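Chemist: I would like the atomic coordinates for the input below:
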Amino acid sequence: QVRLMESGGGSVQAGGSLRLSCTASGSFDINHDWLTGWFRRAPGKEREFVASVKWSTGGTYYSTFGEGRFTASRDNAKNTQYLEMNDLKPEDTAIYYCAAGRTPFTITEVAGYESWGQGTQVIVSS
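Modeler: From the prediction side, this is the model:
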């Protein structure tokens, strides 16, 4: 069972940056092909995929709105994955979640993930 703890949310002005962290703990085999996905839920909207990073290779994948502004990465020595968000816009305001699952599965869909963080609030003001 993987447990995920998020940190790093907050309030920023448009154009600012934030870095979210997601630290994994518990009993898991690092040799399994784990992947962390980042999702967000804006007020009144469905949860949507933001980005993902594969623990073994560091390979990443981004949503269209994240490409070029967001960077997913990981530090396996710390069992931690990151989402660096730059040039933030008011429409990026949401609760951001990290989630972990063992590939292969459809990484843009919620159903494939086994564990979820508690979420961290990001507020971007204009």
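
Chemist: Can you tell me how far the residue positioned nearest the centre of the chain is from G15?
Modeler: Geometric centre of the chain, nearest residue: W38, 2.4 Å, by CA atoms, centre = their mean. Separation of W38 from G15 (CB to CB, to the nearest Å) stands at 20 Å. The way it works is simple: take the backbone N, C-alpha and C, and place the C-beta from them, glycine included.

Chemist: Can you name the residues bridging to the residue nearest to the centre of the chain?
Modeler: In this structure, W38 bridges to A51, C98 when assessed by DSSP bridges.

Chemist: Contact partners for it?
Modeler: Counting by CB atoms under 8 Å, 6 or more residues apart in numbering, W38 makes contact with 20, 22, 49-52, 70, 72, 83, 96-99.

Chemist: Next one: it from S126, what distance?
Modeler: Counting by CB to CB, the gap from W38 to S126 is 23 Å.

Chemist: One more: Y61?
Modeler: Applying CB to CB to Y61 and S126 gives a distance of 29 Å.

Chemist: More neighbours: the two, which one.
Modeler: Taking other CB atoms under 10 Å, Y61 and S126 do not tie; Y61 has more neighbours (16 against 8).

Chemist: Contacts only, for that one.
Modeler: Each residue near Y61 by CB under 8 Å, 6+ apart is listed here: 51-52, 107-108.

Chemist: First residue to last residue on stretch 8-25, what's the distance there?
Modeler: Taking CA to CA, to the nearest Å, stretch 8-25 runs 18 Å from one end to the other.

Chemist: who touches it?
Modeler: 2-7, 34, 36, 38, 78-90, 96, 98, 100, 117, 120-126.

Chemist: Apply 7 Å and report the result again.
Modeler: In this structure, residues lying in contact with stretch 8-25 by CB atoms under 7 Å, 6 or more residues apart in numbering are 2-7, 36, 78-90, 96, 98, 100, 117, 120-126.

Chemist: got the buried residues for it?
Modeler: Across stretch 8-25, burial judged by 16 or more other CB atoms under 10 Å covers 8-9, 12, 18, 20-24.
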